[in-house]
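everything below, folded, please.
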Amino acid sequence: MAAGRTSSPPKRRASAIAPGGSPEKDRRTVSWPDANDDPVGSLTPVRLYLLSVVLKLLLVYTYASTDLDVHTNWMAITHTHHFKDWYGDHASPSVWTLDYPPLFAWFEYGLAKVAWLFPALRPFLNVGSAGAGTGTGDIGTDPSYATCGLHTACLLYQRLSVISSEFLLFAAVYFATIRSSRRVRNLATFLVLFHPGLLIVDHMHFQYNGFLLGLLLISMTLATYGNDVLATVAFSLTLCFKHLFLYVAPAFGCYYLGVLYVVGGWRRVRLFASLSVAAGCVLAVAFGPVVYYGTGEQVVARLFPLQRGLIHAYWAPNAWALYAAVDKVLGIVLGSLGGDVDGARSQAALTGGLVQVARFRVLPQVESGTTAVVTLVAMMPALVGLLRRPLAGTLWPAVVYCSLCSFMFGYHVHEKAILMTLVPMAVAVAKGEGVGGTSAGTGTGRGTGTNGDVKNDGDGDDGDDADDERGRVLQRRRGRYLFLSLVGTFSLFPLLTGVEEYLPKVGMFVGYAVVAGVVLRGSFSSGGMTRAERLFCTVGVAAVEVYATFLHRKVFGEAWPFVPLMLVSCYCALGIAWVWLALALEFIAPRAS
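From the prediction side, this is the model:
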């Protein structure tokens, strides 16, 4: 029931209530699945979590990117220098300077203090103290310690720090589904903790996305449960750990603007004051020392390095990858026809593998301000919906959609950012909530205790038709999630180039597709994915992978080295763009979609 714009308490907090009903009645009429219907047998969320830990331990000695050395260097910076010097150019002779917000820097500081307790790790914490320069990262005073991955002690410590910090993600998933059935909790736990994208990025390539996404899930769940102040604190903490989550801040902002509009009198003033104080306190704790020491300009320059260019060295599969590919093809065609394509620009400007501001040869240049406007415009259907109907059941899909908009149209997007969409989407699908427009017929009431499976008490055909329609919608959204998961995961394959990692990444991809296809009933069927989608993420993905990994080198040798990467990126961009369009249509015209 949509909230009226009156001075009465907002109705958005109980979005699945029938006319004349109440949250208490809805809580009694929830139709829980039978325990024997559990999609992962007799496992509990805790057992699933422990199994995921075992799997991640098996990945400890797989390939680790230079991100492992980056984070080790950050530990050394925070351990060696005073806070006022952490973001300075002289903090480290390495190019791997600290470029995350202050709370993450303090997280690295804590890891460094624990690491100092182990003598084998101490050489990695003395960055630049003796003026040594290794040229490959400058970690430590001895060049032999420049690469953390070559030393068992450092590798184990860093890998275990990721695994242990990811407990927060498990706790967040459990918290988000605590009012749901055991089947829903198990399903959400499996979909998130065993997601191959998360395994590839965090536990092979190396990053700390798990616990950061856990903070995001906690803030979303608190908001849907009606704990507005705690939700604001949690989301503010998330932003102060990683500024990438600024992309979903408009969703939270519009949600609470809508809430403030429908509440009246002193409640509005009290809520606004409470939210402002909560956010202000977190920001003061995180950025207060920055202001005190006058290093704000350095921090801003580190957090928003616009000089890195529109697209990453490996093109993230988004709209700008397609834009760059079109420019590349037009440049080659026009150049071969003798056209003027500005010969001063290098033909390898976009494909040289360098992090820099590259210029397009034919198409108009795209600046950071342009991407910000395009991203915001793309988000408008969800933001307007939140302003008009600030229901708890609409916040979760709006956050998912806004994160996908930022991935599609953001500036200098990394391919790994797709996790910010996939993880919340997995929980939403498990709970039976919408991941576009509105929830699948009901939504999640704030404080109602429902998981979206509300039983119809009527005996007529209308009730059966409504149940059938909701089942079709849920099945379609499950298929859409699995499609996006497979395409998004495939786009991460180029992060792991070693022969030793090939079978693990392919095995995790196929294994997740099979198991998720079983537990997300109907996701692979005609009601879940269309025939074209099934072919796209099976036959199409296989064909692109075979060519990019095996055939290109045999056919062209060392020529055109960037073509395989460009092919994977553009192919995946088409699939992700299809899902983005489908979600956008659900917000614009939910009944038509």
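
so in this protein, which helix runs the longest?
Using DSSP state H to assign secondary structure, the helix with the most residues in the chain is helix 461-490.

looking at this protein, which helix or strand is least sure?
Of the helices and strands making up the chain, the lowest-confidence element is helix 23-28, at a mean of 34, by mean pLDDT, DSSP states H and E.

which SSE is immediately downstream of it?
Under the assignment DSSP states H and E, the closest C-terminal helix or strand after helix 23-28 is helix 45-58.

so what does the helix or strand following that following helix touch, helix or strand wise?
The element immediately downstream of helix 45-58 (helix or strand, assigned by DSSP H and E) is helix 67-80. Applying 3 or more Cβ pairs under 8 Å, 6 or more residues apart in numbering; DSSP states H and E, one finds that helix 67-80 makes contact with helix 102-115, helix 152-165. Heads up, the C-betas are built off the backbone N, CA and C, glycines and all.

restricting to C-alpha, output the helix or strand just after the longest helix of the chain in PDB.
Using DSSP H and E, the helix or strand that directly follows helix 461-490 along the chain is helix 502-519. These are the backbone C-alpha positions of helix 502-519, laid out as PDB (Å, rounded to 0.1, in the frame of the first residue of the first chain):
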ATOM      1  CA  TYR A 502      42.400 -21.700 -15.800                       C
ATOM      2  CA  LEU A 503      40.700 -24.800 -14.500                       C
ATOM      3  CA  PRO A 504      39.800 -23.300 -11.100                       C
ATOM      4  CA  LYS A 505      38.100 -20.200 -12.700                       C
ATOM      5  CA  VAL A 506      36.300 -22.300 -15.300                       C
ATOM      6  CA  GLY A 507      35.300 -24.900 -12.700                       C
ATOM      7  CA  MET A 508      33.900 -22.300 -10.300                       C
ATOM      8  CA  PHE A 509      32.000 -20.700 -13.200                       C
ATOM      9  CA  VAL A 510      30.400 -23.900 -14.400                       C
ATOM     10  CA  GLY A 511      29.800 -25.200 -10.900                       C
ATOM     11  CA  TYR A 512      28.000 -22.100  -9.800                       C
ATOM     12  CA  ALA A 513      25.900 -22.100 -13.000                       C
ATOM     13  CA  VAL A 514      24.800 -25.600 -12.400                       C
ATOM     14  CA  VAL A 515      24.100 -25.400  -8.700                       C
ATOM     15  CA  ALA A 516      22.500 -22.000  -8.800                       C
ATOM     16  CA  GLY A 517      20.400 -23.100 -11.800                       C
ATOM     17  CA  VAL A 518      19.100 -25.900  -9.700                       C
ATOM     18  CA  VAL A 519      18.400 -24.000  -6.400                       C
END
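
buried sites along helix 502-519?
Residues of helix 502-519 classed as buried by neighbour count (16 or more other Cβ atoms under 10 Å): 504, 505, 506, 508, 509, 512, 513, 516, 517, 519.

who are the packing partners of it?
The criterion is 3+ Cβ pairs under 8 Å, 6+ apart, and the helices and strands that helix 502-519 contacts are helix 182-193, helix 196-200, helix 461-490.

who's in contact with the second one?
Residues from elsewhere that reach helix 196-200 (Cβ atoms under 8 Å, 6 or more residues apart in numbering): 55-56, 59, 192, 209-210, 418-419, 422-423, 485, 488-489, 492-493, 495-496, 505, 508-509, 511-512.

tell me who's in contact with the closest residue to residue 319 other than its chain neighbours.
If the residues on either side of it in the chain are set aside, residue 319 comes closest to residue 408, at 5.1 Å by Cβ to Cβ, 6 or more residues apart in numbering. By Cβ under 8 Å, 6+ apart, residue 408 lies in contact with 318, 319, 375, 378, 576, 577, 580.

the third one against residue 407, yeah?
What it means is residue 375. No. Between residue 375 and residue 407 there is no contact under Cβ atoms under 8 Å: 9.4 Å.

higher neighbour count, the two?
Neighbours around residue 375 and residue 407, counted as other Cβ atoms under 10 Å, are more numerous at residue 407. The numbers are 25 against 21.

how deep is the nearest residue to that one once chain neighbours are set aside tucked in, by neighbour count?
Spatial nearest neighbour of residue 407, chain neighbours left out: residue 417 (5.4 Å); criterion: Cβ to Cβ, 6+ apart. Counted with other Cβ under 10 Å, residues neighbouring residue 417 total 21.

could you dump the buried residues of helix 502-519 into a markdown table with pLDDT and distance to residue 104 added?
Supplementary listing: these in a markdown table, determined by pLDDT from 0 to 100; distance: Cβ to Cβ, whole Å:
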| residue | pLDDT | distance to residue 104 |
| --- | --- | --- |
| 504 | 94 | 28 |
| 505 | 95 | 27 |
| 506 | 96 | 32 |
| 508 | 96 | 27 |
| 509 | 96 | 29 |
| 512 | 95 | 28 |
| 513 | 93 | 33 |
| 516 | 91 | 31 |
| 517 | 88 | 36 |
| 519 | 87 | 34 |
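
could you export these as CSV, including distance to residue 326?
CSV is the format used below for the buried residues of helix 502-519 (distance: Cβ to Cβ, whole Å):
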residue, distance to residue 326
504, 34
505, 29
506, 30
508, 33
509, 28
512, 32
513, 31
516, 34
517, 34
519, 39
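
now flag whichever of those is closest to residue 528.
residue 517 (8.5 Å; Cβ to Cβ).

the closest one against residue 482, yeah?
Yes. Residue 517 is in contact with residue 482 according to Cβ under 8 Å; the separation is 6.4 Å.

can you tell which of the helices and strands packed on helix 67-80 is closest to residue 258?
Nearest to residue 258, of all the helices and strands packed on helix 67-80, is helix 102-115, at 28.3 Å by Cβ to Cβ.
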